[in-house]
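Student: I need the structure of the sequence given here:
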Amino acid sequence: MAGEAASLEVEGPLSEAAQAELLELCEEQFAHLEKLQNELLLCEPHFSDSPQEQMQNRLMATEAELKKRQTEEPQLLAGNPDILLHAGKEEVLKLCSQLETVLSCCQAKRDKLRETKELEQKWLEEKTQVLKAAKNHVEQLQKEKEDISVHSMLQDIKEKIQKMKAYQETLMECLGDILEKHVPLPQMEAGPSRRKKSADSQISQELVSLSEILEVLMNKALQSPHDPYVIVDETFWPPYVEMLLRYGMAVRHQENSFKIRLGAFF
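Tutor: Numbers count the residues shown, from 1 in each chain. Next up, the predicted model:
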């Protein structure tokens, strides 16, 4: 485009004949404008003093002039090809200058947009990296939290189990002390017959204490809940068994009276 403009500028000025013709055309147009101006000045006194009527008259005149111009075909101001060529060159040079200005603005805007795009891409990459790091940090924290929660739960369960075992041992010791104190094994009674004493001593040695009977019943209920019954043999002292049955701590089997289980007294 710059080369074309330079080639146009190389052409020389108008010839003398073309300049004379152009001046003559200018004088004719100037004379025509003076004539129109004089006609307007002569028509002004006939205008009405009312502003509204003046506006209507001017509007009508403008519309009439517009219709006239629309019906007329455009004509060239000059028929000399040198004048037309020179005018065309000037218009082309003016258009080239305007296009160069537009091109320069577009290039500057493009460079600015390209710079903005690079900055936005860099910002996006940084934010993406930050977001990725944040997600990894959150996942790591969640994993640590889960591990801590599971570990703490297991630790709590272990502590509770240990406390329950200690409490169970304490209860069993207290139960054993109470039963030993208040429900002791049958003692050998003093009597005249030595044979009877030896028999009673042998029986008392074979019997188990009430705490042992309860422990056997509880272990059986926990180890085999589907069959919690225990066979009553000669080691179970009948008064102990009767006491457990009477107070509901033990229940006898419905079909076999020699079997008992731990009652649901709890």
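Student: Tell me which stretches of the stretch 101-250 of the chain form strands.
Tutor: Listed in chain order, the strands of the stretch 101-250 of the chain (DSSP state E, counting those that start in this stretch) span 230-231, 250-252.
Student: chain center to the first one: distance?
Tutor: By that I understand strand 230-231. Remark: strand 230-231 is offset 65 Å from the chain centroid, using Cα atoms, centre = their mean, to the nearest Å.
Student: Can you list the strands that that strand pairs with?
Tutor: strand 259-262 (antiparallel) (DSSP bridges).
Student: The most centrally placed residue in the chain and residue 147, how far apart?
Tutor: Closest to where the C-alpha atoms of the chain average out (Cα atoms, centre = their mean) is residue 135, at 11.6 Å. Distance of residue 135 to residue 147, given as Cβ to Cβ, to the nearest Å: 19 Å. Heads up, the C-betas are built off the backbone N, CA and C, glycines and all.
Student: Same question for residue 239.
Tutor: 58 Å.
Student: Of the strands of the stretch 101-250 of the chain, which is nearest residue 260?
Tutor: Closest to residue 260 of those is strand 250-252 (Cβ to Cβ; 4.7 Å).
Student: Now the closest one: average pLDDT?
Tutor: The pLDDT scores in strand 250-252 average 92.
Student: Partner strands of that strand and their direction?
Tutor: strand 259-262 (antiparallel).
Student: lowest confidence element among the helices and strands of this protein?
Tutor: Least confident helix or strand, the chain: helix 2-10 with a mean of 50, by mean pLDDT, DSSP states H and E.
Student: Need the contact partners of stretch 258-266.
Tutor: 214, 217-218, 220-221, 228-232, 241, 244-245, 247-253 (Cβ atoms under 8 Å, 6 or more residues apart in numbering).
Student: PyMOL command to pick out the buried ones of those?
Tutor: Selection of the buried residues among those in PyMOL, burial being defined by 16 or more other Cβ atoms under 10 Å:
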select buried, resi 214+217+220+221+228+229+230+232+241+244+249+250+251+252
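Student: among the contacts of stretch 258-266, which are in helices?
Tutor: 214, 217, 218, 220, 221, 241, 244, 245 (DSSP state H).
Student: ok so, going back, so the residue nearest to the centre of the chain versus residue 142, what's the distance?
Tutor: 11 Å.
Student: which of the ones in helices among the contacts of stretch 258-266 lies closest to residue 29?
Tutor: Nearest to residue 29 among the ones in helices among the contacts of stretch 258-266, with distances taken as Cβ to Cβ, is residue 221, at 128.7 Å.
Student: measure that closest one to residue 232 for me?
Tutor: 16 Å.
Student: Kindly report the same for residue 70.
Tutor: In terms of Cβ to Cβ, residue 70 sits 131 Å off from residue 232.
Student: Check residue 138 too.
Tutor: Look at residue 138 and residue 232: by Cβ to Cβ, they are 65 Å apart.
Student: Over to residue 39?
Tutor: 147 Å.
Student: just for the protein, where's the confidence low?
Tutor: Scanning the chain for pLDDT under 70 picks out 1-15, 40-41, 43-49, 74-80, 186-205, 265-266.
Student: hey, where'd the helices end up in it?
Tutor: Counting by DSSP H, the helices of the chain are 2-10, 16-43, 51-71, 81-182, 194-206, 210-223, 238-246.
Student: deepest of the ones you listed, which one?
Tutor: A comparison of those by mean neighbour count, using mean count of other Cβ atoms under 10 Å, puts helix 210-223 on top with a mean of 16.
Student: Residues in contact with that one: which ones?
Tutor: 172, 175-176, 179-180, 183, 208, 228-230, 236, 240-241, 243-244, 249-250, 260-262.
Student: That one vs helix 238-246, what angle?
Tutor: On the basis of axes from the mean of the first three to the mean of the last three Cα atoms, to 10 degrees, helix 210-223 is oriented at 50 degrees to helix 238-246.
Student: Helix 210-223 versus helix 81-182: what angle between them?
Tutor: Computed by the same axes, to 10 degrees, the angle between helix 210-223 and helix 81-182 is 150 degrees.
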